[in-house]
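Visitor: Next comes the sequence, and after it the predicted model I'd like to discuss.
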Amino acid sequence: MTYLLKHFFLPLMIFPILLVSGIAHSAPQRIITVGGPVTEIVYALGAGDQIIATDTTSKYPEQQESLPKVGYMRQLSAEGLLALQPDQIIALEGSGPAPVLDTLKNAGIAVTFIPELNSPEAIHNGVLAVAAILGTETIGEILGRTVKEKLEVLQKQAQERENPPLVLFLLSTGQGSPMTAGQGTAIDTIIQYSGARNAAADLQGFKPMASEYILAHAPDYLLLASRTLEQAGGLEELKKDPLLGKLKAVQENRILSLDGTLLLGLGPRTPEAIAAISDQLFTNSH
């Protein structure tokens, strides 16, 4: 990881410094971001000071924690948003309800939707779209291209690996049917680019899994958000689970975990997420 941190991630840390004086005068000054990846991109482009509120899916970077929250991205309130007097709302596709955002548009507030960031190309386009709003097109192009190039390197490394392991993602455990992520999701991209195969590649989007499906696919590794693993009681409790405890991956401690903010949406930190999973798969012993 030392090489990856030095050559992949440190360049991103300088963008906010470069951009402090790069915001155009016509750029919005009171922005509400809706969707964790959108919030991350605005901060990565150096415009975090213009954000006056975020939604509850926005959990990174740490600076946004002190800002007001406007609720869950799909359950927004027109009154709450209007009360903050924004001049721009940047929302991830699927945010709403639609009538709420239509009310804001009718009130003269700019509302821009960013397509879901579920592929490397979508990250690049998303960064460019946000940069156009902020007036930071040049740096946006640099950031978008840099992330895209890093992902291309990781993809090449993944394609060169022989016998890629089978990884199954679980969104929740212990209450009802666990969810997994199939094609068209950020997690599917992260698994593939880390050098593994998605055990749920025959599914589309997020789907609940029957116990028969989980046992039949017999993954080499389970991938969980760190919080999910913690809520499940850790590895030892997973071993006691009547379903998951039957999996060889659990019995042999082959559990991958990562901060949920890195797993559930692609963005500027996606190369970091992929490198972390790859490191757990191919460097650490299980």
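Guide: Received the coordinates, thanks. Only a predicted model underlies this, so the values are computations on that prediction, with no experimental measurement involved. Numbering: from 1, shown residues only.
Visitor: Show me the strands in the stretch 151-286 of the chain, by range?
Guide: Ranges of strands in the stretch 151-286 of the chain, per DSSP state E, counting those that start in this stretch, are 166-170, 179-181, 197-198, 206-208, 221-225, 255-258.
Visitor: of those, which approaches Gly140 most closely?
Guide: strand 255-258 (26.4 Å; Cβ to Cβ). C-beta coordinates here come from the backbone N, C-alpha and C atoms, glycine included.
Visitor: now the closest one: mean pLDDT?
Guide: Across strand 255-258, pLDDT averages out at 93.
Visitor: Neighbouring strands of that strand in the sheet, and parallel or not?
Guide: Strand pairing for strand 255-258, using DSSP bridges, gives strand 221-225 (parallel).
Visitor: can you state the direction angle for the partner strand and strand 166-170?
Guide: Counting by axes from the mean of the first three to the mean of the last three Cα atoms, to 10 degrees, strand 221-225 lies at 30 degrees to strand 166-170.
Visitor: who's in contact with strand 221-225?
Guide: 165-171, 173, 187, 191, 196, 232, 238, 244, 247, 249-250, 254-260, 263-264, 277, 281, 286 (Cβ atoms under 8 Å, 6 or more residues apart in numbering).
Visitor: Which one of the strands of the stretch 151-286 of the chain lies nearest to Leu45?
Guide: Among these, strand 255-258 sits nearest to Leu45 (Cβ to Cβ), with 24.1 Å.
Visitor: Quick one: distance of that closest one to the chain centre.
Guide: Counting by Cα atoms, centre = their mean, to the nearest Å, strand 255-258 is centred 15 Å from the centre of its parent chain.
Visitor: what's the answer for stretch 266-280, then?
Guide: Centroid separation for stretch 266-280 versus its chain: 10 Å, with Cα atoms, centre = their mean.
Visitor: Pull out the C-alpha coordinates of that stretch and format them as PDB.
Guide: Taking Å, rounded to 0.1, in the frame of the first residue of the first chain, the C-alpha atoms of stretch 266-280 are listed here in PDB:
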ATOM      1  CA  LEU A 266     -17.800   5.600  -6.600                       C
ATOM      2  CA  GLY A 267     -15.900   8.800  -6.400                       C
ATOM      3  CA  PRO A 268     -12.500  10.400  -6.000                       C
ATOM      4  CA  ARG A 269     -11.500   7.800  -3.400                       C
ATOM      5  CA  THR A 270     -12.500   4.700  -5.400                       C
ATOM      6  CA  PRO A 271      -8.900   3.800  -6.400                       C
ATOM      7  CA  GLU A 272      -8.100   3.800  -2.600                       C
ATOM      8  CA  ALA A 273     -11.100   1.500  -2.000                       C
ATOM      9  CA  ILE A 274     -10.000  -0.900  -4.700                       C
ATOM     10  CA  ALA A 275      -6.400  -0.900  -3.600                       C
ATOM     11  CA  ALA A 276      -7.500  -1.700   0.000                       C
ATOM     12  CA  ILE A 277      -9.600  -4.700  -1.100                       C
ATOM     13  CA  SER A 278      -6.900  -5.900  -3.400                       C
ATOM     14  CA  ASP A 279      -4.400  -5.600  -0.500                       C
ATOM     15  CA  GLN A 280      -6.700  -7.800   1.700                       C
END
